[in-house]
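Colleague: sequence and predicted structure, then a few things I'm wondering about:
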Amino acid sequence: MKLAHDQATRAQGLERLNDFAPLMGSHYAGRRNIDAGGGRKANVSQLSPFLRHRLISEPELVSAAITVHGAEAAFKFVQEVCWRTYFNGWLEHHPAVWSDFCISRDCQLESLEKDNSLKADYNSAIEGNTGIEGFDDWARELRETGYLHNHARMSFASIWLFTLRLPWALGSDLFLQHLLDGDPASNTLSWRWVAGLHTPGKTYLAKKEAIETCSDGRFSPKGLADRAPAVDGPANPAPSPLPPADTLPQAAFALLLTEDDLSVERWIPETLEVESIAAIESASFRSPHGASRKASAFTGAALNDGAHRAGVHFGAAPTLIEGIDAEALLLDWAARLKTRLIVVPYMPAGGGWDRLSPVLKTLQAEGFEVRQVRRDWDEVFWPHARKGYFKLRKQIPSCLDALGIAEGQNIDG
């Protein structure tokens, strides 16, 4: 099954973007919910793995859509790009929700070892042996390809929760392990939305008729739950201010890359003096079970590709840091620097930040200044992500105007 993301490079992301740009208008708006299965996914962009690691950026996607189709015809595609922006911004305003998920996940993983019945049901689900048409196919597709159509993800989560009655955090963790586009914010908050936790009391119930339509007639599951009571969980905390972002320094600095932003040459000027570059792996920290072989390979290749391009851009050979000793290797890299200034493209909440933040604190205690720098896209959009998506959606035109994105005039960060 060949999909559009078999290579984790910016070059392939741009190739797919260019191929799909003619379909970002009315074709996408009318066909985006159809999942024909296998490699037949030409009606959706399949760009999410590249966007997850910012091998390509939101402004590049939005500019392409508006340039080809005009703002009105492209707006549905633009809205879908902005859903990811909304989820990331919302979680930055509510970081305790990620911490709560991690606690729930760990407790539920412990329960698996104590409850043989729960463990048997869980194993049947992740192996695709429930007997539920569609669900079992999606479970296998997830493991084999690292990708699922968005409607399949929603239906899978709903069946997991309300038909199989499995814990939501275990399902969210399963997706993070396997998805090439495994994004802590989008994944966690999507599962919470299906469960009725993100929008309190509003759940998503998978129905046979909707699955028949959206699977292009491939699946007609029987025995699905006919009601979806909201899952118990803590209420959403009040939004907190965004963490402050730092500015790019004019003095020489070292650059530390993570899987969260791998096209820094698009927005950090080459005129700045970069002494050294390191790129640290964090896919293994997505879950207590790590990441699947496919997800790890994709993330590792993306990290290599981004580090190589950054090295060419700044004229500094990159150092790849990975493995169980990565934290110690990062401290060794820093100890060899002449500069005491390290720039990190902003890391949102998630397993990568959980891994790296203690090391950054150690570096600060040793006298380093660590600056986390956000892209303009996040700076403009995230303040509108405090509450529901539709508040952000209303601001899309003004945000794009503030970023200079009109008929494709601006394609940088």
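Modeller: Here it is on my side, so go on.
Colleague: CA atoms for contacts and neighbours, from now on please.
Modeller: Noted.
Colleague: in the stretch 101-250 of the chain, which spans are helices?
Modeller: 116-127, 135-145, 150-158, 168-178, 184-195, 208-214 (DSSP state H, counting those that start in this stretch).
Colleague: got the CA coordinates for stretch 351-364 in CSV?
Modeller: Provided in CSV are the C-alpha atoms of stretch 351-364 (Å, rounded to 0.1, in the frame of the first residue of the first chain):
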residue,chain,number,x,y,z
GLY,A,351,6.4,13.9,25.2
GLY,A,352,9.2,15.7,23.4
TRP,A,353,9.0,18.6,25.8
ASP,A,354,8.6,16.3,28.7
ARG,A,355,11.9,14.7,27.8
LEU,A,356,13.8,17.9,26.9
SER,A,357,12.7,20.4,29.5
PRO,A,358,14.7,18.9,32.4
VAL,A,359,17.9,19.0,30.3
LEU,A,360,17.2,22.6,29.3
LYS,A,361,16.9,23.5,33.0
THR,A,362,20.2,21.8,33.7
LEU,A,363,21.8,23.9,30.9
GLN,A,364,20.4,27.0,32.4
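Colleague: what sits up against it?
Modeller: The contact list for stretch 351-364 (CA atoms under 8 Å, 6 or more residues apart in numbering) reads 184, 258, 282-283, 285-287, 327, 331, 334, 347, 369-370.
Colleague: ok, 7 Å please
Modeller: Residues from elsewhere that reach stretch 351-364, judged by CA atoms under 7 Å, 6 or more residues apart in numbering: 282, 285-286, 327, 347, 370.
Colleague: and which of those residues is nearest Lys394?
Modeller: Met347 (26.2 Å; CA to CA).
Colleague: for that closest one, which residues are in contact?
Modeller: Contacts for Met347 (CA under 7 Å, 6+ apart) come out as 260, 353.
Colleague: how much space separates it from Phe175?
Modeller: Distance of Met347 to Phe175, computed by CA to CA, to the nearest Å: 20 Å.
Colleague: got the CA coordinates for the strand ranked longest in the chain in CSV?
Modeller: For the chain, the strand reaching the highest residue count under DSSP state E is reported as strand 274-280. What follows is strand 274-280, C-alpha atoms only, in CSV (Å, rounded to 0.1, in the frame of the first residue of the first chain):
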residue,chain,number,x,y,z
VAL,A,274,25.1,29.7,14.2
GLU,A,275,28.1,28.1,15.8
SER,A,276,26.8,24.5,16.0
ILE,A,277,23.6,22.5,15.3
ALA,A,278,22.3,19.5,17.2
ALA,A,279,19.1,17.5,16.5
ILE,A,280,17.6,15.4,19.3
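Colleague: could you say what helices and strands the helix or strand harbouring Gln12 packs with?
Modeller: Assigned by DSSP states H and E, Gln12 belongs to helix 10-20. The contact analysis (3 or more CA pairs under 7 Å, 6 or more residues apart in numbering; DSSP states H and E) places helix 10-20 against no helix or strand.
Colleague: okay, buried residues for the next helix-or-strand element following that helix please.
Modeller: As assigned by DSSP H and E, the chain's next helix or strand after helix 10-20 is helix 26-31. If you call a residue buried by 16 or more other CA atoms under 10 Å, then helix 26-31 has these buried ones: 26, 28-29.
Colleague: other SSEs contacting helix 26-31?
Modeller: helix 75-93.
Colleague: show me what the helix it packs on is packed against.
Modeller: Contact partners of helix 75-93 among helices and strands, from 3+ CA pairs under 7 Å, 6+ apart: helix 26-31, helix 184-195.
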